[in-house]
Every structure is written in C-alpha cells, then in structure tokens.
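Participant: coords please:
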Amino acid sequence: MDMVAFILILSVIHSSAASCSCSELTIEQAGQTNGNCLTAISGQAWCFVSSSSACADRTAYPRANGLYYSTVACQGTGRDLKANEAALDGYRLGWASGDTDIILGVCTDTFNFTWVPEDDVVSRQRFPVFFANFMADSEKDGRAKYFMQFDNIIHRQIGDILYEAADWIVDGYDRGSYFNAAQDGKVIWDMATT
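Facilitator: Numbering: from 1, shown residues only. I've put the predicted structure just below:
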C-alpha cells in the first residue's frame, strides 16, 4: 500500500472515530469572533460542531438557525494543540540537526518509526542505530555534513491528535515524504519514504 492511500484510509477511520470535534467555522458578531474555541459560554470555550456530532453537550446555537455548538469538543484542544505543535517542532529540529536525544526526548515510550522503502518498523530502542546509519549514508563519498530541511509542511488536528505530513530533504543525498502524529505533547509514530 502506498503512503498516500494509507494517509487517506487513516484519515477516514480516525474521522469517524473522532465524532465530537470542532468545525473551524467562526461567526463575527458585534466585533467579536465567535467559535473555534476562541470565546466562552458560561466560562467554557466552545466551537461549532456538525449537526450529526456525537458531542454529549451538542446544543443548537441560539443566534443562527441550523448551527450547533459544543464545549466538550474544545476541552484540551488549545493546550494539547500547542503541546503537540511543540513536540512536532522539536522532533523536526532533532532530524534537522542529527540529534537523537532531541528526537527521542519528544517521543512516547512506545514510539516507532517506519522506514517505508524497506518496510522496516524501527522501535524506539533501535532508533539511535537506524538514525546513525542514515546520517552516515548521507555523508558517504565526500558528501556534505548531514543537515535535513523540510518543505510543504501540512498539519491536521483530528480529535486530540495532531498529524503532520511534509517533504524531507538532505541536499546531495536524498529526499522524500513523511507522515507522523503527536498526542498529549509527544510524537507517537512516524513513517517516511524516499
């Protein structure tokens, strides 16, 4: 199965499982932007949700017929999103600079990395050796010192998991794409291909 098909399947599976989630819809009223966990009702952040949302507190929005809102859908999203973004930023920094301490410092204990070209699922324990070999291969035959760059970074939040897809580039060596995810401020898995 190629990576794009895997991403689409995972997105569909996870979307149906995460049936209490925020819409990005906002409404401007009296100079204030409402929705998307930006404002509070009774002291709790809220967002618009689908009319078929499974949020236990789904309520018809009083100022617009046909819209629904939930405070449950917002619970933890602001804090979790920032923590997940920080984890993915740190993870990328570790790959860019070649530092496995940084990489593993933002990963869960059950983290695994899948190197798709060889269908190799690398455990957290095996990762330092895999990464050292990857860096050594990139510097073989007089190539420049290892440094990884990233392009076309895309984020998608589904429930409490932040997914990232992007291109990785090691000039003079190789390039490819990757797909990973962070939850509770830690990277939970990653997969990459050339």
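Participant: Now do the longest helix anywhere in the chain: everything it contacts.
Facilitator: Across the chain, the longest stretch assigned as helix under DSSP state H is helix 77-97. Here helix 77-97 makes contact (CB atoms under 8 Å, 6 or more residues apart in numbering) with 22, 37, 45, 99-107, 147-150, 155, 157, 160-162, 164, 168, 180, 182-187, 190. In short, each C-beta sits where N, CA and C put it, glycine included.
Participant: just how off-centre is the helix or strand just after it within its chain?
Facilitator: Proceeding N to C from helix 77-97, the next assigned helix or strand is helix 100-105, under DSSP states H and E. For helix 100-105, the separation from the chain centroid amounts to 17 Å (computed by CA atoms, centre = their mean, to the nearest Å).
Participant: Likewise for stretch 90-98?
Facilitator: Centre to centre, stretch against its chain (CA atoms, centre = their mean), the figure for stretch 90-98 is 15 Å.
Participant: Okay, buried residues for it please.
Facilitator: Using 16 or more other CB atoms under 10 Å as the test for burial, stretch 90-98 gives 90, 91, 92, 94, 95, 96, 98.
Participant: I'd like a version of these in a markdown table, one that adds pLDDT as further columns.
Facilitator: Putting those into a markdown table (pLDDT from 0 to 100) gives the following:
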| residue | pLDDT |
| --- | --- |
| 90 | 94 |
| 91 | 96 |
| 92 | 96 |
| 94 | 95 |
| 95 | 97 |
| 96 | 96 |
| 98 | 96 |
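Participant: and which of those residues is nearest residue 125?
Facilitator: Nearest to residue 125 out of these is residue 94 (CB to CB; 16.6 Å).
Participant: any idea how far that closest one is from residue 155?
Facilitator: Look at residue 94 and residue 155: by CB to CB, to the nearest Å, they are 18 Å apart.
Participant: What of residue 177?
Facilitator: Counting by CB to CB, the gap from residue 177 to residue 155 is 15 Å.
Participant: what mean pLDDT would you report for stretch 60-79?
Facilitator: Stretch 60-79 comes out with an average pLDDT of 79.
Participant: got the buried residues for it?
Facilitator: Here stretch 60-79 shows 61, 67, 68, 69, 70, 71, 72, 73, 74, 77 as buried, counting by 16+ other CB under 10 Å.
Participant: What is the distance between that stretch and the centre of its chain?
Facilitator: For stretch 60-79, the distance from its own C-alpha centre to the chain's C-alpha centre is 22 Å (CA atoms, centre = their mean).
Participant: please renumber so the chain begins at 17
Facilitator: Understood, numbering begins at 17; the last thing we discussed is stretch 76-95.
Participant: partners of the residue most central in space within the chain in the sheet?
Facilitator: Residue closest to the mean C-alpha point of the chain, counted by CA atoms, centre = their mean, is residue 179 at 2.2 Å. Taking DSSP bridges, one obtains residue 172, residue 197 as the residues bridged to residue 179.
Participant: still on that earlier bit, between residue 193 and residue 171, tell me which one has more neighbours.
Facilitator: residue 193 (18 against 14; other CB atoms under 10 Å).
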